[in-house]
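Student: below are the sequence and a predicted model for it; my questions follow.
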Protein chains: 2
Amino acid sequence: MQAGVSVGTVSNVLNRPDVVSPPTRERVQAAIARLGFVRNESARHLRAGRSRTIGLVVLDIANPFFTDVARGVEDVANPAGLAVILCNSDDRPAKEAAHLDVLAEQRVQGVLVTPTAELSRNLQALRDRGTPVVLLDRRAPTPDQCAVAVDDVLGGRLAADHLLERGHRRIAFIGGSSGLPQVQERHAGVAAAVRDGTGSEESLLVLSPATLTVAGGREAAAQIIGMPAGRRPTAAVCANDLMALGVLQEMVRHGVRVPDEFAIVGYDDIDFAAAAAVPLTSVRKPRQELGRRAAELLLDEAGNGEHQHQQPVFEPVLVVRESSMVRRSRTVAS
Amino acid sequence: MQAGVSVGTVSNVLNRPDVVSPPTRERVQAAIARLGFVRNESARHLRAGRSRTIGLVVLDIANPFFTDVARGVEDVANPAGLAVILCNSDDRPAKEAAHLDVLAEQRVQGVLVTPTAELSRNLQALRDRGTPVVLLDRRAPTPDQCAVAVDDVLGGRLAADHLLERGHRRIAFIGGSSGLPQVQERHAGVAAAVRDGTGSEESLLVLSPATLTVAGGREAAAQIIGMPAGRRPTAAVCANDLMALGVLQEMVRHGVRVPDEFAIVGYDDIDFAAAAAVPLTSVRKPRQELGRRAAELLLDEAGNGEHQHQQPVFEPVLVVRESSMVRRSRTVAS
DNA sequence: CGGGCGGAGTGAAACGTTTCATACCGCCTG
DNA sequence: CAGGCGGTATGAAACGTTTCACTCCGCCCG
């Protein structure tokens, strides 16, 4: 080529510059700069047998929880020289499957995925082909794979206990009906706490709006507002912060004062929770850390022969803010 | 291989099934299913010379505006069989450059990018190599490339005119100091409107918090609250909704009633704007449409020999909500 | 009956790297 | 002076597709 050397030498300049003599190296580098040469990753990876990318499949790219997770993943992957292909399944198995197929064809080094309710066949196929898969924000069904999760039963408990302590006796759990285990666990935690705290589960109202979004939250809040005052719950635990924000908005819109007349606890503790005009009490998950840890496990599984599968479970923490606090003036008055 | 046919035939089964006889086709498909064969994209694209991916580089993945744009891009790219590699530059030229380099090595079919303040050398290098580049939410400096933008001068004007009509005479423009043209244009629009409406620009206060985020908004609001009442503005136009939410939060925290004592207008009209407890007036941009249009232009440029560069400019619309409405009771009282 | 045609499948080249065995060269050492 | 060695550079194979020219074969038609 232009520098009068063989392609093998160019490859060496790029990958093991120390093995090339300084004059040659400089000549080649000059030629590269002059020609605007950019190495072709496809060829590189065809030869190497694996690419330098990983896949990340999330349930809802519009939920800031997942963008924070994605950031954590990038924090680990990029320094390791890996590009992240971010895919959005929209909680739809078909979209998830399509994305997984594309990732398989790309021969990604591994996949991080928050799967839809059922673990799809494509996911298993990916693993069968030897591609490392780490479940994100989801427990592994078996010990033969990595998974990074949060103790959502505990999270649900924390949220409900907090409300019970504040004197609430009629509590709603607002979660979608998609069958996501995360949501089911949160529900289980809330239910257990309510049972322990009140002696029965009858004081727990379970609402399942269509989606785990702001709109879903509004829908549930409207239902609650429509209930006769005597049976109406005085507080809600929401399956995520988006829904909690929706509940908050709808309550405010109908003149229901939060937290005085209705207390709200969210889940995830996204930044918007603290930024809401009535700052939201929320169950905090280590969002970036979740992503980081998952990426680390993936890299280890992809690169380390003696990889040991791990299934760390993070403990959530309740962050109390105004949306569940009885205001001083009110406390005094009542 | 297993089905007793040549690789060429397998390729035909995959890409032009009509050219293969039904019995052979079925035999091959059966073998594919049995072996879990997955085609190797790297090899495919090495041969084809281009990959079936496009790159999308955004300024802030945590800003829902960009996730909505990304969704629009996916809506167009995925049906066309293209995977989207989503990259986050964090408004940092170095990160942007690194991402662009990776995309170049991946031989993406094209790149959609909301660039940082300066158009980087890497971006030009990409174009020089013949990779289509479409600017997103940014005007093109020259007519030889595609760009999808919004008339931000108009947007700034709409926001400011609205506040002037409501009687506000001391207005703040809250925008970061990053030098982003989008922000500068919004500022220009606001300044022009204020000049036209009040006869001078002195009634416009310009604040430049460090970042275009919720935290930046809070920072600016704190500054405003610290001003002597006589000089303090009574309303603000924010360069984006995240900042507007920050302003709102800080005002509420300090007992400043919104909109009665302080009116706020945001920009972008992200979903959280409407969902805020005091719903935000905001300048709406067609977020998904922006992404969709940009992706369409990119596909055309990548696939169509007679591609004509286009630079559509969308018109923003003011969406009035509570954060800038003088309440009836208040109007009557004053 | 022979020529030609069309459908079906084959085989090899090509894509741009990396890798590895090999060649070359000058120098040191025995 | 011969042998060997270390430091450099080379050339070719290999990665897994796609593509295209080609073969093969059966059939139709003249």
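Tutor: That came in fine, so what should we check first?

Student: and the residue in the stretch 101-250 of chain A that DNA strand C sits nearest to, what are its phi and psi?
Tutor: Closest to DNA strand C within the stretch 101-250 of chain A is A:Arg107: 13.4 Å, counting by C-beta to the nearest atom of the strand. Placement of C-beta: from N, CA and C, glycine included. Backbone torsions for A:Arg107, taken as degrees, to the nearest 10, come to phi 60, psi 50.

Student: residues contacting it?
Tutor: Under the criterion of C-beta atoms under 8 Å, 6 or more residues apart in numbering or on different chains, the contact partners of A:Arg107 comprise A:45, A:49-51, B:40-42.

Student: how near is it to DNA strand D?
Tutor: Spatial separation of A:Arg107 from DNA strand D under the definition C-beta to the nearest atom of the strand, to the nearest Å is 9 Å.

Student: go on, A:Val247?
Tutor: When C-beta to the nearest atom of the strand is the yardstick, A:Val247 and DNA strand D sit 50 Å from each other.

Student: that residue against A:Glu219, yeah?
Tutor: No. The criterion here is C-beta atoms under 8 Å, and A:Val247 misses it with A:Glu219 at 9.4 Å.

Student: who's more crowded, those two?
Tutor: Ranked by neighbour count (other C-beta atoms under 10 Å in any protein chain shown), A:Val247 and A:Glu219 place A:Val247 first, with 33 against 20.

Student: so A:Ala94: helix, strand or coil?
Tutor: Here A:Ala94 is helix, with the state taken from DSSP: H, G, I helix; E, B strand; the rest coil.

Student: need the pLDDT of it.
Tutor: Note on A:Ala94: pLDDT of 95.

Student: burial count for it?
Tutor: By other C-beta under 10 Å, the residues close to A:Ala94 number 11.

Student: same check on A:Val28?
Tutor: 23.

Student: my guess is it meets A:Val20, correct?
Tutor: Yes. In terms of C-beta under 8 Å, A:Val28 counts as a neighbour of A:Val20; the distance is 7.4 Å.

Student: overlap in contacts, the two.
Tutor: By C-beta under 8 Å, 6+ apart, A:Val28 and A:Val20 have these common neighbours: A:9, A:13.

Student: got the residue ranges for the helices in the stretch 51-200 of chain A?
Tutor: Counting by DSSP state H, counting those that start in this stretch, the stretch 51-200 of chain A forms helices over residues A:64-77, A:93-105, A:121-128, A:152-165, A:181-198, given from the N-terminal end onward.

Student: let me have the ones you listed in CSV, extended by distance to chain B.
Tutor: Compiled in CSV, those are given as follows (distance: least, C-beta to the nearest C-beta, whole Å):
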stretch, distance to chain B
helix A:64-77, 5
helix A:93-105, 4
helix A:121-128, 6
helix A:152-165, 20
helix A:181-198, 20
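
Student: right, and those - which one's nearest DNA strand D?
Tutor: Judged by C-beta to the nearest atom of the strand, the one of those that comes nearest to DNA strand D is helix A:93-105, at 8.9 Å.

Student: relative to helix B:64-77, how tilted is the closest one?
Tutor: 80 degrees (axes from the mean of the first three to the mean of the last three C-alpha atoms, to 10 degrees).

Student: need the contact partners of helix A:93-105.
Tutor: Applying C-beta under 8 Å, 6+ apart, the set of residues contacting helix A:93-105 from outside is A:55, A:57, A:85, A:87-89, A:111, A:113, A:115-118, A:120-123, A:125-126, A:129, A:131, B:38-41, B:78, B:83.

Student: buried sites along that helix?
Tutor: Of the residues in helix A:93-105, A:95-100, A:102-105 count as buried by neighbour count, 16 or more other C-beta atoms under 10 Å in any protein chain shown.

Student: ok, A:Glu118 - contacts?
Tutor: With contact taken as C-beta under 8 Å, 6+ apart, A:Glu118 is in contact with A:Pro93.

Student: got the phi and psi for it?
Tutor: Geometry field for A:Glu118 lists phi and psi as phi -90, psi 140, criterion degrees, to the nearest 10.

Student: now A:Glu261
Tutor: According to degrees, to the nearest 10, the main-chain angles of A:Glu261 amount to phi -100, psi -20.

Student: around it, how many other residues sit close by?
Tutor: 13.

Student: same question, the one 3 residues further on
Tutor: Residue crowding around A:Ile264 was assessed by other C-beta under 10 Å; the count is 31.

Student: now stretch A:25-41: buried residues?
Tutor: Using 16+ other C-beta under 10 Å as the burial criterion, the residues of stretch A:25-41 that qualify are A:25, A:27-29, A:31-32, A:37-38, A:40-41.

Student: the residues you listed: which ones sit near DNA strand C?
Tutor: When the buried residues of stretch A:25-41 are checked against DNA strand C using C-beta under 7 Å from any atom of the strand, the ones in range are A:37-38, A:40.

Student: what is the nearest of those residues to DNA strand D?
Tutor: Each of those was checked against DNA strand D using C-beta to the nearest atom of the strand; the closest is A:Asn40, at 10.9 Å.

Student: was I right about A:Ser177 contacting A:Ser208?
Tutor: Yes. Taking C-beta under 8 Å as the contact criterion, A:Ser177 and A:Ser208 are neighbours in contact, 3.8 Å apart.

Student: which pair in the buried residues of stretch A:25-41 has the greatest spatial separation?
Tutor: Based on C-beta to C-beta, the longest span within the buried residues of stretch A:25-41 runs between A:Arg27 and A:Glu41 and measures 24.4 Å.

Student: burial count for A:Asp269?
Tutor: Neighbour count for A:Asp269, taken as other C-beta under 10 Å: 25.

Student: what's the spacing between it and B:Gln124?
Tutor: Counting by C-beta to C-beta, to the nearest Å, the separation of A:Asp269 from B:Gln124 is 42 Å.

Student: quick one: residues contacting the residue of the stretch 151-300 of chain A found nearest chain B.
Tutor: Taking C-beta to the nearest C-beta as the measure, the point where the stretch 151-300 of chain A comes nearest chain B is A:Ala277, at 3.5 Å. Contacts here follow C-beta under 8 Å, 6+ apart; on that basis A:Ala277 touches B:248-249, B:252, B:258, B:276-278.

Student: how about A:Gln29, what does it touch?
Tutor: A:Val13.

Student: on that earlier part again, go ahead and build a ChimeraX selection from the buried members of the contacts of A:Arg107.
Tutor: To isolate in ChimeraX the members of these that are buried, counting by 16+ other C-beta under 10 Å, one can use:
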select /A:45,51 /B:40,41,42
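
Student: in helices, which of the contacts of A:Arg107 fall?
Tutor: Of those, the ones assigned to helices by DSSP state H are A:45, B:41-42.

Student: need the contact list for the closest residue in space to A:Arg293 that isn't next to it in sequence.
Tutor: The spatial neighbour of A:Arg293 that comes closest, neighbours along the chain excluded (C-beta to C-beta, 6 or more residues apart in numbering or on different chains), is A:Val148 at 5.1 Å. Contact partners of A:Val148, counting by C-beta under 8 Å, 6+ apart, are A:134-137, A:290, A:293-294, A:297, A:311-312, A:314.

Student: pLDDT and neighbour count added to the residues you listed, as JSON lines?
Tutor: Putting those into JSON lines (pLDDT from 0 to 100; neighbours: other C-beta atoms under 10 Å in any protein chain shown) gives the following:
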{"residue": "A:Val134", "pLDDT": "98", "neighbour count": "29"}
{"residue": "A:Leu135", "pLDDT": "98", "neighbour count": "23"}
{"residue": "A:Leu136", "pLDDT": "98", "neighbour count": "29"}
{"residue": "A:Asp137", "pLDDT": "97", "neighbour count": "28"}
{"residue": "A:Leu290", "pLDDT": "98", "neighbour count": "23"}
{"residue": "A:Arg293", "pLDDT": "98", "neighbour count": "21"}
{"residue": "A:Ala294", "pLDDT": "98", "neighbour count": "28"}
{"residue": "A:Leu297", "pLDDT": "98", "neighbour count": "27"}
{"residue": "A:Gln311", "pLDDT": "98", "neighbour count": "16"}
{"residue": "A:Pro312", "pLDDT": "98", "neighbour count": "14"}
{"residue": "A:Phe314", "pLDDT": "98", "neighbour count": "18"}
